[in-house]
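*Asks:* Any chance you could fold what I've pasted below:
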Amino acid sequence: MEDKSEPLIKKRGYHESCEACTIEKFKESSNGIPFKLFSFVWIITLAAGSAFMLGRALTSLLWGKVADKYGRRPIIMIGTFTVVIFNTLFGLSVNFWMAISTRFLLGSLCGILGPMRAYASEICREEHQALGMSVVGTSWGIGLVIGPAVGGFLAQPAEKYPHIFSADSLFGRFPYFLPCLVISLFALVAFIISYWLPETLHIHTEENIARDSTEASLEDNSYESTRTHEMEVSELKLSTPQRSLLRNWPLMSAIMVYCIFQLHDMAYSEIFSLWAVSPRKLGGLSFTTADVGEVLSITGFGMLFFQLFLYTWVERILGSVTVSRIGAVISIPLLTSYPFIAKLSGSILFLVLNCASMVKNILSIAITTGLLVIQNRAVPQEQRGAANGISMSAMSLFKAIGPAAGGSLLSWAQSRQENDFLPGVHLVFFTLNIVELVGLVMTFRPFLALP
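*Replies:* Next up, the predicted model:
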């Protein structure tokens, strides 16, 4: 009997000069894994997601030292103006490498966050430093939440809002320029406001002290007043070297714990958006980018309320370290519930997901704020900029790993839906919980030393 079954591999013509044909030929002739091409995908994805963090990791310590020498305000002004320029250029990128370059330069030249943390701890008494760190942490956390939301609403405006933006307009030719422009305009407002920030770093040069000494002696003509100012000049000349920051264990241990939690938070942020837009058959929610933006916007408002009105009260009762520990403990069962949330639908899904997202991000901000308070209390003012620079450099390296690791983990997990042990997205949230657990264990002695 004639075999009419079709061959397993259909014969087709290949063009030797076509790279896509070469890949198709490889897929049909081999069952092996293309490790070389996967490595290229991993490297390019890492570069795309991590260029900003890498640039910031390389320069944060330098900007911190400059802030300790010349003041906080100049660095803050330079950083906000850098956002205006390079974020706008990022939205006008015409190819992949221009986008990577502008993100890298933005990270390298915007050294604002470390000096701003130092500034927030210096404008208030010690009992209010938790509120200062809370304001910085809230702003940063809301930025991480609202930023993707703005992108979800405003990206590709010619497709989403064709009655406002035509395909031939600037926003049609550069589909991601509108959200970048909105952020740049906001940064321009911040740059203008930063001009009126009072400087908190004491810059008492020898000439200033001598002038003050002369003016004081002319005013009261007292030997004691003149002598006091002369002693200040002597102390300025004989000032001893500061303690090495790398040997400051309370500082370094707090930074290490902080980096672990930041790795977790960055991976979670990447995974949450990708998981939400994934199809239901892969364990996702089948959300649109607008749906994700709506959830993140609601989360941002919840974070703002908690940090400004509740965190300082909770921190005053429990202490910074205890707040961080409780936040980590609650986060573990919360993340475990995410795969089961995907089984819900309709208004119940929307309500439960918003509550879970809000609580998770509130806990993350509470953990981060407590550790920032510890870091800033571990050093004197004249080393605070450099200390926050070290923290930012280390944190940026961990955050550079987060997006690529989170995205790769989710892709791999979605390919193992039928596994008996931790199928699909269960593996993703289990891995996030492992990282959270490591951070929780590190908040105890003998690792974490309080200043």
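*Asks:* Helices of the stretch 301-450 of the chain, start to end?
*Replies:* With DSSP state H, counting those that start in this stretch, the ranges of helices along the stretch 301-450 of the chain come out as 311-318, 320-336, 338-341, 346-377, 384-414, 425-442.
*Asks:* Turn the ones you listed into JSON lines, including distance to Leu181 and mean pLDDT.
*Replies:* C-beta coordinates here come from the backbone N, C-alpha and C atoms, glycine included. Formatted as JSON lines, these follow (distance: least, CB to CB, whole Å; pLDDT from 0 to 100):
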{"stretch": "helix 311-318", "distance to Leu181": "33", "mean pLDDT": "86"}
{"stretch": "helix 320-336", "distance to Leu181": "35", "mean pLDDT": "94"}
{"stretch": "helix 338-341", "distance to Leu181": "34", "mean pLDDT": "94"}
{"stretch": "helix 346-377", "distance to Leu181": "26", "mean pLDDT": "91"}
{"stretch": "helix 384-414", "distance to Leu181": "23", "mean pLDDT": "85"}
{"stretch": "helix 425-442", "distance to Leu181": "34", "mean pLDDT": "94"}
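*Asks:* between those helices, which one is nearest to His202?
*Replies:* Across the helices of the stretch 301-450 of the chain, His202 has its closest neighbour in helix 384-414 (12.0 Å, CB to CB).
*Asks:* for that closest one, packing partners?
*Replies:* Applying 3 or more CB pairs under 8 Å, 6 or more residues apart in numbering; DSSP states H and E, one finds that helix 384-414 makes contact with helix 35-70, helix 113-122, helix 249-277, helix 346-377, helix 425-442.
*Asks:* can we see that at 6 Å?
*Replies:* Under the contact definition 3 or more CB pairs under 6 Å, 6 or more residues apart in numbering; DSSP states H and E, helix 384-414 sits against helix 35-70, helix 113-122, helix 249-277, helix 425-442.
*Asks:* tell me the most buried of those helices?
*Replies:* Compared across these, helix 113-122 shows the largest average neighbour count, a mean of 26 (mean count of other CB atoms under 10 Å).
*Asks:* what sits up against that helix?
*Replies:* Among residues not part of helix 113-122, those counted as contacts by CB atoms under 6 Å, 6 or more residues apart in numbering are 60, 64, 67, 72, 75, 129, 132, 136, 200, 376, 384-385, 388-389, 392.
*Asks:* now for the helices of the stretch 301-450 of the chain, which one comes closest to Ile85?
*Replies:* Relative to Ile85, the nearest member of the helices of the stretch 301-450 of the chain by CB to CB is helix 384-414, separated by 20.2 Å.
*Asks:* got the angle for that closest one vs helix 425-442?
*Replies:* Regarding helix 384-414 and helix 425-442, their directions subtend 150 degrees when assessed with axes from the mean of the first three to the mean of the last three CA atoms, to 10 degrees.
*Asks:* How about helix 384-414, which residues are buried there?
*Replies:* Along helix 384-414, these residues count as buried under the neighbour rule (16 or more other CB atoms under 10 Å): 384-410, 413-414.
*Asks:* could you dump the helices of the stretch 301-450 of the chain to TSV with distance to Ala167?
*Replies:* Listed next are the helices of the stretch 301-450 of the chain as TSV, based on distance: least, CB to CB, whole Å:
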stretch	distance to Ala167
helix 311-318	46
helix 320-336	41
helix 338-341	38
helix 346-377	32
helix 384-414	30
helix 425-442	37
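*Asks:* Brilliant, that's me finished.
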